[in-house]
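Student: heads up, no residue letters with this:
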């Protein structure tokens with residue numbers, strides 16, 4: 001099977017640059033929304049065995065988030081900042097995981113699952129709630145995008161942080177998350193943007209990598225900057241699918257291996273955010289073998 005390779009290195013258009021600016025009125029409304037969601041979730045930290053109440057609360061949170069996602073998509077992201085948009089998208093993914101397992105446990109009247117399995121599911125729910133609250137805090141802390149700091153980050157440590165967010169979900173599918181980023185590589189970059197981009201790539205890789213697969217992040221330095229490669233052993237993509245994926249004018253999505261739904265907005269915004277921090281992406285993929293997402297970041 002022939003490999004497909006597409007490189008995205010477009011210069012930001014005037015319209016894209018204008019979209020970076022956050023609409024303050026809408027961001028204030030968004031801030032109030034996520035603070036309300038945080039209030040609904042906090043009582044369940046380390047108390048994820050209250051399945052009926054937690055399902056109701058997460059359902060309410062997802063209704064709010066799904067409504068906001070549709071608003072973002074319909075308005076082509078011109079009303080709120082892209083960083084906030086992708087963070088909402090990630091919160092929805094984490095809460096979707098939590099409510100799925102909460103429903104399984106709530107409906108387990110015949111005790112199909114033993115105590116060890118139930119504890120595993122409860123841990124998944126708790127991890128998802130904690131990850132959601134962490135992302136909500138990032139919205140609250142970084143609402144004014146002009147105040148986001150450029151930090152000197154150790155890439156291996158940052159990769160570890162991202163992997164930790166997905167380790168429970170990955171282990172449930174028996175997928176190994178491998179960090180091969182070299183020691184001692186630092187980069188000055190917007191941390192929230194970098195994390196949002198990497199979260200999107202990991203989330204997609206997990207959706208399309210079958211059980212017992214691998215997702216590996218590695219690094220390389222060259223004259224152009226620092227390369228980060230996220231490689232999976234998933235289903236792969238055709239050249240046509242890659243072209244649709246990197247098309248800035250459209251959102252492309254398809255159903256994951258476990259019927260995970262997606263809007264396509266996450267990758268679209270990630271690509272724009274990558275350009276905003278001076279990066280570019282190259283995608284190599286082979287159907288039935290897997291995909292490589294190669295990010296180049298300036299030194």
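Tutor: Good, I have the coordinates. As the structure is a computational prediction, the values presented were derived from the model and not from experiment.
Student: now do the strands in this protein.
Tutor: In the chain, the segments counted as strands under DSSP state E are 4-8, 150-154, 176-180, 186-190, 214-222, 225-232, 280-286, 290-297.
Student: list phi and psi for residue 255.
Tutor: Here is the backbone geometry of residue 255 (degrees, to the nearest 10): phi -70, psi 140.
Student: let's have the strands of the chain in a markdown table, adding mean pLDDT.
Tutor: Formatted as a markdown table, the strands of the chain follow (pLDDT from 0 to 100):
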| stretch | mean pLDDT |
| --- | --- |
| strand 4-8 | 57 |
| strand 150-154 | 91 |
| strand 176-180 | 97 |
| strand 186-190 | 90 |
| strand 214-222 | 95 |
| strand 225-232 | 96 |
| strand 280-286 | 93 |
| strand 290-297 | 95 |
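Student: now mean neighbour count too, for those strands, in TSV please.
Tutor: (C-beta placed from N, C-alpha, C; glycine too.) Formatted as TSV, the strands of the chain follow (neighbours: other C-beta atoms under 10 Å):
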stretch	mean neighbour count
strand 4-8	16
strand 150-154	13
strand 176-180	15
strand 186-190	18
strand 214-222	17
strand 225-232	20
strand 280-286	20
strand 290-297	22
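Student: may I see those arranged in TSV, with distance to residue 238 as well?
Tutor: Shown next, in TSV, are those (distance: least, C-beta to C-beta, whole Å):
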stretch	distance to residue 238
strand 4-8	6
strand 150-154	35
strand 176-180	26
strand 186-190	32
strand 214-222	20
strand 225-232	16
strand 280-286	8
strand 290-297	11
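Student: residue 122: which of those strands is closest?
Tutor: Smallest distance to residue 122 across those (C-beta to C-beta): 21.2 Å, for strand 176-180.
Student: tally up the residues packed near residue 240, please.
Tutor: Neighbour count of residue 240, defined by other C-beta atoms under 10 Å: 9.
Student: quick one: contacts for the spatially closest residue to residue 177 that is not a sequence neighbour?
Tutor: Nearest in space to residue 177, with sequence neighbours left out and distances taken as C-beta to C-beta, 6 or more residues apart in numbering, is residue 163 at 4.7 Å. Contact partners of residue 163, counting by C-beta atoms under 8 Å, 6 or more residues apart in numbering, are 177, 179, 202, 217.
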